[in-house]
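1. pasted the sequence and its predicted model underneath.
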Amino acid sequence: MERSTYVLLASLLLGLLFWQWQPMPGAVWSIGNPLGRIALQALFGLGWLLVLWSTFMINHFDLFGLRQVALNLRGVPYTHPEFATVALYQFIRHPMMLGLLIAFWATPDISVGHLLFAFATTVYIFIGIFFEERDNIRFIGPPFEHYRQQVPMIVPLPRRKAE
(Lines give C-alpha, C1' and ligand atoms only; values in the text may rest on other atoms or scores of the structure.)
Protein backbone atom coordinates (compact mmCIF):
# COMPACT_ATOMS: atom_id res chain seq x y z
CA MET A 1 0.00 0.00 0.00
CA GLU A 2 3.07 2.21 0.16
CA ARG A 3 2.94 3.29 -3.48
CA SER A 4 -0.80 3.92 -3.58
CA THR A 5 -0.58 5.92 -0.34
CA TYR A 6 2.31 7.93 -1.76
CA VAL A 7 0.45 8.60 -5.02
CA LEU A 8 -2.68 9.66 -3.13
CA LEU A 9 -0.83 11.97 -0.72
CA ALA A 10 1.36 13.44 -3.46
CA SER A 11 -1.72 14.14 -5.58
CA LEU A 12 -3.53 15.76 -2.66
CA LEU A 13 -0.50 17.91 -1.83
CA LEU A 14 -0.12 18.92 -5.46
CA GLY A 15 -3.82 19.84 -5.55
CA LEU A 16 -3.33 21.92 -2.40
CA LEU A 17 -0.33 23.62 -4.00
CA PHE A 18 -2.35 24.47 -7.13
CA TRP A 19 -5.31 25.69 -5.05
CA GLN A 20 -3.21 27.88 -2.76
CA TRP A 21 -0.69 29.09 -5.33
CA GLN A 22 -0.33 32.85 -5.30
CA PRO A 23 0.85 34.63 -8.44
CA MET A 24 4.40 35.93 -8.24
CA PRO A 25 4.55 38.93 -10.53
CA GLY A 26 7.42 39.73 -12.77
CA ALA A 27 8.15 38.36 -16.19
CA VAL A 28 11.37 36.40 -16.57
CA TRP A 29 10.88 36.01 -20.30
CA SER A 30 8.24 36.58 -22.89
CA ILE A 31 8.66 35.48 -26.48
CA GLY A 32 7.10 38.03 -28.81
CA ASN A 33 7.76 36.27 -32.10
CA PRO A 34 4.52 34.51 -33.18
CA LEU A 35 6.39 31.53 -34.64
CA GLY A 36 8.46 31.22 -31.47
CA ARG A 37 5.30 31.28 -29.36
CA ILE A 38 3.65 28.60 -31.51
CA ALA A 39 6.80 26.45 -31.40
CA LEU A 40 6.97 26.61 -27.61
CA GLN A 41 3.25 25.91 -27.24
CA ALA A 42 3.62 22.92 -29.55
CA LEU A 43 6.60 21.70 -27.53
CA PHE A 44 4.53 22.12 -24.34
CA GLY A 45 1.78 19.93 -25.85
CA LEU A 46 4.36 17.41 -27.05
CA GLY A 47 5.71 17.19 -23.50
CA TRP A 48 2.28 16.26 -22.12
CA LEU A 49 1.72 13.77 -24.95
CA LEU A 50 5.07 12.20 -24.09
CA VAL A 51 3.98 11.84 -20.45
CA LEU A 52 0.71 10.21 -21.48
CA TRP A 53 2.34 7.94 -24.06
CA SER A 54 4.98 6.85 -21.54
CA THR A 55 2.34 5.65 -19.10
CA PHE A 56 0.92 3.33 -21.74
CA MET A 57 4.33 1.66 -22.06
CA ILE A 58 4.32 0.53 -18.43
CA ASN A 59 1.77 -1.06 -16.10
CA HIS A 60 -0.71 1.70 -15.12
CA PHE A 61 -2.06 -0.22 -12.14
CA ASP A 62 1.42 -0.86 -10.78
CA LEU A 63 2.51 2.73 -11.44
CA PHE A 64 -0.32 4.15 -9.34
CA GLY A 65 -0.12 1.47 -6.64
CA LEU A 66 -3.48 -0.09 -7.45
CA ARG A 67 -2.06 -3.48 -8.38
CA GLN A 68 -0.22 -3.63 -5.05
CA VAL A 69 -3.45 -2.94 -3.13
CA ALA A 70 -5.45 -5.47 -5.15
CA LEU A 71 -2.84 -8.17 -4.56
CA ASN A 72 -2.73 -7.35 -0.85
CA LEU A 73 -6.52 -7.54 -0.53
CA ARG A 74 -6.44 -11.00 -2.13
CA GLY A 75 -3.56 -12.11 0.11
CA VAL A 76 -1.23 -12.55 -2.85
CA PRO A 77 2.39 -11.45 -2.38
CA TYR A 78 3.53 -8.61 -4.60
CA THR A 79 5.82 -9.45 -7.49
CA HIS A 80 7.51 -6.80 -9.56
CA PRO A 81 6.45 -6.59 -13.20
CA GLU A 82 8.90 -8.17 -15.60
CA PHE A 83 11.64 -5.76 -16.63
CA ALA A 84 11.24 -4.80 -20.28
CA THR A 85 12.33 -1.89 -22.43
CA VAL A 86 9.59 -1.05 -24.90
CA ALA A 87 9.23 1.83 -27.35
CA LEU A 88 10.76 5.02 -25.93
CA TYR A 89 12.34 3.13 -23.01
CA GLN A 90 14.80 1.72 -25.55
CA PHE A 91 16.18 5.24 -26.09
CA ILE A 92 15.84 6.93 -22.68
CA ARG A 93 15.28 5.48 -19.22
CA HIS A 94 12.74 8.09 -18.11
CA PRO A 95 10.59 9.33 -21.02
CA MET A 96 7.77 10.28 -18.66
CA MET A 97 10.09 12.58 -16.72
CA LEU A 98 11.43 14.05 -19.95
CA GLY A 99 7.86 14.85 -20.96
CA LEU A 100 7.22 16.60 -17.63
CA LEU A 101 10.43 18.61 -17.92
CA ILE A 102 9.48 19.72 -21.44
CA ALA A 103 5.94 20.62 -20.32
CA PHE A 104 7.17 22.64 -17.34
CA TRP A 105 9.85 24.58 -19.21
CA ALA A 106 8.44 25.03 -22.75
CA THR A 107 6.44 28.20 -22.42
CA PRO A 108 6.49 31.47 -24.34
CA ASP A 109 5.85 33.43 -21.12
CA ILE A 110 7.46 32.61 -17.82
CA SER A 111 6.82 34.52 -14.62
CA VAL A 112 8.86 34.38 -11.45
CA GLY A 113 6.26 31.99 -10.01
CA HIS A 114 6.37 29.69 -13.03
CA LEU A 115 10.16 29.72 -12.91
CA LEU A 116 10.09 28.75 -9.22
CA PHE A 117 7.60 25.96 -9.95
CA ALA A 118 9.60 24.67 -12.95
CA PHE A 119 12.87 24.74 -10.99
CA ALA A 120 11.39 23.04 -7.91
CA THR A 121 9.71 20.30 -9.94
CA THR A 122 12.92 19.74 -11.91
CA VAL A 123 14.82 19.19 -8.66
CA TYR A 124 12.02 16.90 -7.42
CA ILE A 125 12.11 14.88 -10.66
CA PHE A 126 15.86 14.28 -10.45
CA ILE A 127 15.65 13.31 -6.77
CA GLY A 128 12.83 10.90 -7.69
CA ILE A 129 14.90 9.42 -10.51
CA PHE A 130 17.78 8.84 -8.08
CA PHE A 131 15.55 6.86 -5.69
CA GLU A 132 13.72 5.02 -8.48
CA GLU A 133 16.97 3.87 -10.06
CA ARG A 134 18.36 2.83 -6.68
CA ASP A 135 15.25 0.69 -6.13
CA ASN A 136 15.48 -0.73 -9.67
CA ILE A 137 19.07 -1.79 -9.05
CA ARG A 138 17.99 -3.51 -5.83
CA PHE A 139 14.92 -5.28 -7.29
CA ILE A 140 15.96 -5.92 -10.90
CA GLY A 141 19.73 -6.22 -10.46
CA PRO A 142 22.19 -6.78 -13.32
CA PRO A 143 19.66 -6.40 -16.17
CA PHE A 144 18.86 -2.89 -14.97
CA GLU A 145 22.54 -2.10 -14.38
CA HIS A 146 23.28 -3.10 -17.98
CA TYR A 147 20.30 -1.06 -19.22
CA ARG A 148 21.54 1.91 -17.20
CA GLN A 149 24.97 1.67 -18.81
CA GLN A 150 23.53 1.46 -22.32
CA VAL A 151 20.60 3.90 -22.29
CA PRO A 152 20.76 7.60 -21.33
CA MET A 153 18.68 8.86 -18.40
CA ILE A 154 16.80 11.83 -19.89
CA VAL A 155 18.41 13.13 -23.07
CA PRO A 156 18.07 10.69 -26.00
CA LEU A 157 21.68 10.67 -27.09
CA PRO A 158 23.10 8.02 -29.43
CA ARG A 159 23.51 4.64 -27.75
CA ARG A 160 26.80 3.58 -26.30
CA LYS A 161 28.42 0.60 -27.92
CA ALA A 162 27.90 -2.68 -26.08
CA GLU A 163 31.02 -4.19 -24.61
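-> Great, that's in hand.

2. can you tell me the SS state at residue 145?
-> helix (DSSP: H, G, I helix; E, B strand; the rest coil).

3. quick one, strands of this structure?
-> Defined through DSSP state E, the strands belonging to the chain, from first to last, are 27-30, 109-111.

4. redo these as TSV? Include mean neighbour count, distance to residue 97 and mean pLDDT.
-> For glycine as for every other residue, the C-beta is placed from the backbone atoms N, C-alpha and C. As requested, the strands of the chain are exported to TSV (neighbours: other Cβ atoms under 10 Å; distance: least, Cβ to Cβ, whole Å; pLDDT from 0 to 100):
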stretch	mean neighbour count	distance to residue 97	mean pLDDT
strand 27-30	12	23	92
strand 109-111	16	20	93
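
5. export those strands to CSV and tack on distance to residue 50?
-> What follows is these, written out as CSV (distance: least, Cβ to Cβ, whole Å):
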stretch, distance to residue 50
strand 27-30, 23
strand 109-111, 20
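
6. remind me which residues of the protein are low pLDDT?
-> Within the chain, the set of residues satisfying pLDDT under 70 comprises 1-4, 159-163.
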